[in-house]
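>>> sequence first, predicted model second:
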Amino acid sequence: MGRLIVVSNRVATPTETKGSAGGLAVGVFGALKDAGGVWFGWSGDVVSETVANAGPMLEQDGAVTFATVGLTRKDYDQYYRGFSNATLWPVFHYRNDLARYEREEYAGYRRVNAWLAHKLVKLLQPDDIIWIHDYHLIPFAEALRSEGVTNRIGFFLHIPFPAPQILLNIPPHEELVKSLSCYDLLGFQTATDQQAFHDYVTRHARGTVSADGSVEAFGRKLRTGVYRIGVFPDEIAEQAKRYESRQHVLELKQSLEGRKLIMSVDRLDYSKGLVERFRAFELLLERSPEWRGNVTLVQIAPPTRSDVATYQKIRQDLEYEAGRINGRYSGLDYTPIRYLNQQYDRWKLMSLFRESQIGFVTPLHDGMNLVAKEYVAAQNPDDPGVLVLSIFAGAAAELSGAVLVNPHDAIGMCEALQRALQMPLDARQRRHEINMAALRENDLGVWRDSFLRDLRSVPVRRAGEGGGHQ
Ligand code: ADQ
């Protein structure tokens with residue numbers, strides 16, 4: 001079996017993969033340890049041109065090499081802050097209204113992909129398989145192919161793939177899909193995302209799609225598949241239980257004075273539906289006076305991408321809403337919304353989830369949403385909380401034990417909260433069992449192993465072949 005090469009925009013450090021990192025980093029690292037290989041990507045640092053060109057920096061941990069490069073200010077601005085996060089991210093989350101398109105940024109995006117690919121080529125061996133992650137790196141395989149790389153290359157998109165009519169808003173949409181067709185295997189979070197890609201291929205690229213998910217487009221053949229990313233539910237359950245009597249949990253319990261707790265945890269991002277969520281909670285207090293003073297919403301949302309203008313705006317909006325709602329319903333000893341702009345250790349989050357009666361997860365669009373899955377896994381099976389989940393999270397297709405809501409329907413969300421707050425124990429347990437069974441059936445290991453199995457089964461290309469296998 002050849003080595004595994006993982007490429008992602010950011011690389012978790014060896015320490016992160018063992019400590020507080022999210023499940024994804026741990027899952028990918030697990031596969032790397034098994035096969036041996038390289039994890040390659042941006043270090044997260046903005047550096048001078050000399051330092052950037054001197055990379056990659058190599059760090060060895062057993063059979064795994066962590067290879068990272070710094071980005072210059074210009075590359076960071078055009079590739080990361082620009083085209084990735086001010087064009088692709090909003091459009092792929094159906095927010096054309098927040099997207100901008102600058103030709104120079106797109107050129108920078110392609111330039112950085114080509115530069116990164118060139119750096120990686122020197123580390124490759126002939127029988128390596130290469131797994132590229134996410135929207136920052138769409139042109140990566142095309143760049144590798146143009147350097148003569150014939151290894152199997154797969155791509156997994158962590159975020160939604162938009163319907164063609166939405167994708168057309170990005171002027172170089174055809175080039176992007178052409179770049180995607182240079183992969184041997186494309187993985188999507190849900191059947192809806194895969195279908196959207198197929199729709200583009202058949203309607204806008206004069207391509208064909210077979211029943212088994214194989215695609216012909218732009219003179220290339222590739223495969224597509226649905227690989228729903230998961231968590232390791234039993235590890236989370238064990239962690240949540242182990243830390244349930246730690247100081248931070250006891251302090252929270254004491255401060256709640258018997259009030260019910262609704263928990264929400266997200267990166268501070270406009271795709272997560274935070275403002276809509278706060279308004280639904282406000283409606284609960286407005287329409288059901290009996291809950292005033294008796295239920296608290298804890299929203300944990302550390303800022304991300306804070307140098308992108310739309311992220312500054314969502315932060316302001318949310319601070320305003322939290323202040324307004326708290327001004328309206330607080331008492332001397334009661335604050336309805338506790339809004340915390342902080343990163344928390346994973347084990348702390350899981351034990352806080354376990355203490356809460358509701359996990360309120362209401363993105364406007366989300367590839368999967370691992371918080372929803374972590375919330376379920378962290379519950380006490382003897383007295384589980386209820387997951388109230390947006391129909392627009394990829395996780396909604398799997399977690400049929402959740403109370404599903406449309407995040408644009410404030411009254412609907414408010415009614416769902418009322419229902420969840422009053423749900424009897426046997427109904428909560430039934431829903432929890434259904435959700436846990438789904439998490440166990442399709443855990444993070446299944447996601448990773450099925451993607452890699454399918455990638456390994458793609459026919460090897462011959463030297464000199466262009467993009468896509470024949
Ligand atoms: P994200 O948009 O980051 O991921 P999500 O899937 O919820 O969204 O993952 C967030 C991770 O970060 C979770 O493991 C969560 O516990 C952790 N996290 C969030 N807030 C935190 C905080 N305050 N402190 C500590 N940890 C925190 C993208 C896509 C998703 C897709 C994932 C994985 O947008 O749709 O599910 O990738 O494919």
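Perfect, I can see it now. Numbers count the residues shown, from 1 in each chain.
>>> centroid residue for the protein?
His158 (5.3 Å; Cα atoms, centre = their mean).
>>> what does the stretch 51-200 of the chain put close to the ligand?
His158, Ile159 (Cβ under 6 Å from any ligand atom). Just so you know, the C-beta spots here come from the backbone N, C-alpha and C atoms, and that holds for glycine as well.
>>> contact partners for the residue in the stretch 51-200 of the chain that the ligand sits nearest to?
Nearest residue of the stretch 51-200 of the chain to the ligand: His158, at 3.6 Å (Cβ to the nearest ligand atom). Counting by Cβ atoms under 8 Å, 6 or more residues apart in numbering, His158 touches His133, Asp134, Tyr135, Gln189, Ile229, Gly367, Met368.
>>> tell me the secondary structure at the residue nearest to the centre of the chain.
At His158 the chain is in coil, as set by DSSP: H, G, I helix; E, B strand; the rest coil.
>>> would you list the phi and psi of it?
When quoted as degrees, to the nearest 10, the phi and psi of His158 stand at phi -80, psi -20.
>>> tell me the secondary structure of Leu364, please.
What three-state DSSP gives for Leu364 is coil.
>>> who are the packing partners of the longest strand seen in the chain?
Longest strand of the chain, by residue count under DSSP state E: strand 37-46. Strand 37-46 sits against strand 4-10, helix 23-35, strand 64-71, helix 103-121, with contacts defined as 3 or more Cβ pairs under 8 Å, 6 or more residues apart in numbering; DSSP states H and E.
>>> and the contacts of it?
Outside strand 37-46, the residues within contact range by Cβ under 8 Å, 6+ apart are 3-12, 28-29, 32, 55-57, 63-73, 76, 80, 116, 119-120, 123, 128.
>>> could you check how far the closest residue in space to Asp184 that isn't next to it in sequence is from the ligand?
Closest residue in space to Asp184, ignoring its immediate chain neighbours: Val458 at 4.3 Å, by Cβ to Cβ, 6 or more residues apart in numbering. For Val458, the distance to the ligand (Cβ to the nearest ligand atom, to the nearest Å) stands at 22 Å.
>>> show me the contacts for Val458.
Contacts of Val458 by Cβ under 8 Å, 6+ apart are Arg152, Gly154, Asp184, Leu185, Arg223, His469.
>>> what lines up beside the strand or helix carrying the second one in the sheet?
Using DSSP states H and E, the element containing Gly154 is strand 152-156. Taking DSSP bridges as the criterion, strand 152-156 sits next to strand 129-133 (parallel), strand 185-188 (parallel) in its sheet.
>>> following it, which helix or strand shows up next?
helix 164-167.
>>> returning to what we had before: the residue of the stretch 51-200 of the chain closest to the ligand and Met1, how far apart?
Going from His158 to Met1 by Cβ to Cβ, to the nearest Å gives 25 Å.
>>> and what of Cys414?
As judged by Cβ to Cβ, Cys414 and Met1 stand 53 Å apart.
>>> same drill for the two, tell me which one is more crowded.
Cys414 (21 against 10; other Cβ atoms under 10 Å).
>>> wait, the more buried one sits on Leu283?
Yes: with contact defined as Cβ atoms under 8 Å, Cys414 counts as touching Leu283 (4.0 Å).
>>> on that earlier part again, right, and the helices and strands packed on strand 37-46 - which one's nearest Trp447?
helix 23-35 (7.3 Å; Cβ to Cβ).
>>> which of the contacts of Val458 has the weakest pLDDT?
Lowest pLDDT of the contacts of Val458: His469, 46.
>>> can you name the next helix or strand after the helix ranked longest in the chain?
If you go by DSSP state H, the chain has its longest helix at helix 309-329. Using DSSP H and E, the helix or strand that directly follows helix 309-329 along the chain is strand 337-340.
>>> report the buried residues of that following strand.
By neighbour count on 16 or more other Cβ atoms under 10 Å, the buried set for strand 337-340 is Ile337, Arg338, Tyr339.
>>> up against the ligand, what does the stretch 251-400 of the chain have?
So the stretch 251-400 of the chain meets the ligand at 265-267, 300, 302, 343-344, 349, 366-371, 374 (Cβ under 6 Å from any ligand atom).
>>> poorly predicted segments of the protein, please.
The model of the chain has pLDDT under 70 over residues 17-23, 461-470.
>>> give me that answer again for 90
By pLDDT under 90, the low-scoring segments of the chain are 1-2, 12-31, 34, 55, 211-213, 243-255, 257, 302-315, 342-347, 459-470.
>>> beta-bridge partners for Ile5, please?
Beta-bridge partners, per DSSP bridges, of Ile5: Val38, Ile130.
>>> same question, Val64
Under the criterion used here (DSSP bridges), Val64 is bridged to Gly37, Asp61.
>>> might you report the residue contacts of it?
By Cβ under 8 Å, 6+ apart, the neighbours of Val64 are Pro14, Phe29, Leu32, Lys33, Gly36, Gly37, Val38, Trp39.
>>> apply 7 Å and report the result again.
Leu32, Lys33, Gly36, Gly37, Trp39 (Cβ atoms under 7 Å, 6 or more residues apart in numbering).
>>> next: Gln418.
Gln418 sits in contact with Leu284, Ser288, where contact means Cβ under 7 Å, 6+ apart.
>>> doesn't it lie inside a strand?
No: assigned with three-state DSSP, Gln418 falls outside any strand and is helix.
>>> quick one: it from Asn9, how far?
41 Å.
>>> end to end on stretch 397-411, go ahead and measure it.
Stretch 397-411 has an end-to-end distance of 23 Å (Cα to Cα, to the nearest Å).
>>> an error on my part: the question was meant for stretch 44-63.
Start-to-end, stretch 44-63 (Cα to Cα) is 23 Å.
>>> please point out which parts of it sit buried.
Val46, Val47, Ala52, Gly55, Pro56, Asp61.
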